[in-house]
Structure formats: structure tokens, C-alpha cells
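Trainee: Show me how the following folds:
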Amino acid sequence: MTVRIIGGNLRDLSYIAANLRPEDQAEIDCQFDEWTPAMLALHAMQGRAYVVELDGNPEAAFGAAPLRSGLWIAWSWGTKRMKRCVPRITEFFYAVLGPDVAAQGAWRVEARAMAGNDLAVRWLNRLGATERCHLPGYGKNGEDFILFDWTRETWNHVSFPKTPGIEAAADSADGSGQGRASARGAVATAACGQ
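Mentor: Residues are numbered from 1 along each chain as shown. So this is what the prediction gives:
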């Protein structure tokens, strides 16, 4: 199976959003009053957005975007084949996305996961995120969430494996450079939650 990370583009992000795995669908449904796959794709492209292809088919999306100076939010969602993408996203997270977000001046990166989204919660813990608090009733229908984060202080305690062979920069499908990321530094961001 060929696994490839490319820069996010409207077509691939919309496809993934239209074919979400049930856990991600539930998590997104309760955070927006109304949404469409195209709207979610446009929302994702506000910062660093990436797509994971399995044998040429887009199956997962992830990225991070600044909310204000020094504060970023990280996110991910995918199809039923997303679990097969997690190892590659994790490698990219350590080698490219984290260092890029740190180089952009992030002091804090947050990720929220619905309390029942076991894949997201386990993944954030494995990525070294700090579980800050439970957010009872955070979803529009009272769904509970968990807030995770990385800060410059907690990044010092996260193991950053050196992963040769990872794309130093994903190529943007539209040539805009959206997917290009610097591989400087050793700071992590989240690739989960919304």
C-alpha cells in the first residue's frame, strides 16, 4: 500500500469530509450548527492543511491553524481508512508540522476531542499532549469534550524521534505552496481533534 502526504486542496478535503468515519462525523456535527463538506474543507485551509493518500485515494486530513499570535489549533479527520494513515501522520507531525508551527511562533497548540472518540484521545496521549481539562457540554447538544495542548514547557518532555525519509515538505496540488512546511526545530503540534 502506497501512503503519501500532500498539501491540502479543496477537492481532496471535500471528498474526505463527505466520507467521514462515524466518530469524526459525530465530532464535527456537534461543533457546527450547519456544515457541508465544502465548508469544512475551506475551514481546514485557513492554516496548514495536509491530505493523506492511500494508493492515490484521499483518506485523512490534518493540520493546524493560528487562532491568534502564539495560539494555534490542531485538527484531523478522515474516512473509515484513517487508522491506516495514523502512523504516517505521526511521523509527519514530528518531522514537519510540529517544527513548522513552532517556527511560526506558537507558544501553545490546542486540540479538542469528543470524550467518546477513543482513537483521537489515545492518539493525542501518544503524541505527548497534556490533557488539560474536560469540557462538559462543549458540543451543541451537550456532548463532552477533552481539551489537550502542547506548550513550550511541555514540548521539552515530548520525545521527538528522528525519522529519515519523511517528506521534508508535502507538495501542494494547486502549486500555492500551502503544503510546504519547514523542517526546523523539534516542537510538536497536535494532529487530532477539531
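Trainee: now Phe32, what's its secondary structure?
Mentor: Put simply, Phe32 is coil when judged by DSSP: H, G, I helix; E, B strand; the rest coil.
Trainee: ok, it to Asn141 distance?
Mentor: Noted for Phe32: a distance of 12 Å to Asn141, by C-beta to C-beta, to the nearest Å. For every residue, glycine as well, the C-beta is placed using N, CA and C.
Trainee: So which of those two has more stuff around it?
Mentor: Phe32 (13 against 7; other C-beta atoms under 10 Å).
Trainee: so where do the helices sit in this structure?
Mentor: Here the chain has its helices, by DSSP state H, at 10-18, 22-29, 37-44, 86-92, 98-103, 118-126, 152-155.
Trainee: which one of these is the most hemmed in?
Mentor: helix 98-103 (a mean of 23; mean count of other C-beta atoms under 10 Å).
Trainee: Distance from that helix to the middle of the chain?
Mentor: Centroid displacement of helix 98-103 relative to its chain, using C-alpha atoms, centre = their mean, to the nearest Å, is 13 Å.
Trainee: go on, stretch 55-66?
Mentor: That offset, for stretch 55-66, works out to 8 Å (C-alpha atoms, centre = their mean).
Trainee: Ok, stretch 68-81 next?
Mentor: 3 Å.
Trainee: what do you get for stretch 99-119?
Mentor: 7 Å.
Trainee: do stretch 81-93 as well
Mentor: 10 Å.
Trainee: Ok, stretch 54-74 next?
Mentor: So, by C-alpha atoms, centre = their mean, the centroid of stretch 54-74 is 4 Å from its chain's centroid.
Trainee: quick check: mean pLDDT across that stretch?
Mentor: The average pLDDT within stretch 54-74 is 96.
Trainee: Compute the first-to-last residue distance for it.
Mentor: 22 Å (C-alpha to C-alpha, to the nearest Å).
Trainee: Pull the contacting residues for the nearest residue to Leu13 once chain neighbours are set aside.
Mentor: Counting by C-beta to C-beta, 6 or more residues apart in numbering, Leu13 lies nearest to Ala41, which is 3.5 Å off, once chain neighbours are set aside. Residues counted as contacts of Ala41 (C-beta atoms under 8 Å, 6 or more residues apart in numbering) are Gly8, Leu10, Leu13, Ser14, Ala17.
Trainee: Tell me which of the helices of the chain lies nearest to Leu54.
Mentor: Of all these, it is helix 86-92 that lies closest to Leu54, at 9.3 Å by C-beta to C-beta.
Trainee: Only alpha carbons, please: show the helix or strand of the chain with the lowest mean pLDDT as PDB.
Mentor: Least confident helix or strand, the chain: helix 152-155 with a mean of 76, by mean pLDDT, DSSP states H and E. In PDB, the C-alpha atoms belonging to helix 152-155 read as follows (Å, rounded to 0.1, in the frame of the first residue of the first chain):
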ATOM      1  CA  ARG A 152       6.700  25.400  25.000                       C
ATOM      2  CA  GLU A 153       7.200  24.000  28.500                       C
ATOM      3  CA  THR A 154       5.600  20.600  27.800                       C
ATOM      4  CA  TRP A 155       7.200  20.300  24.400                       C
END
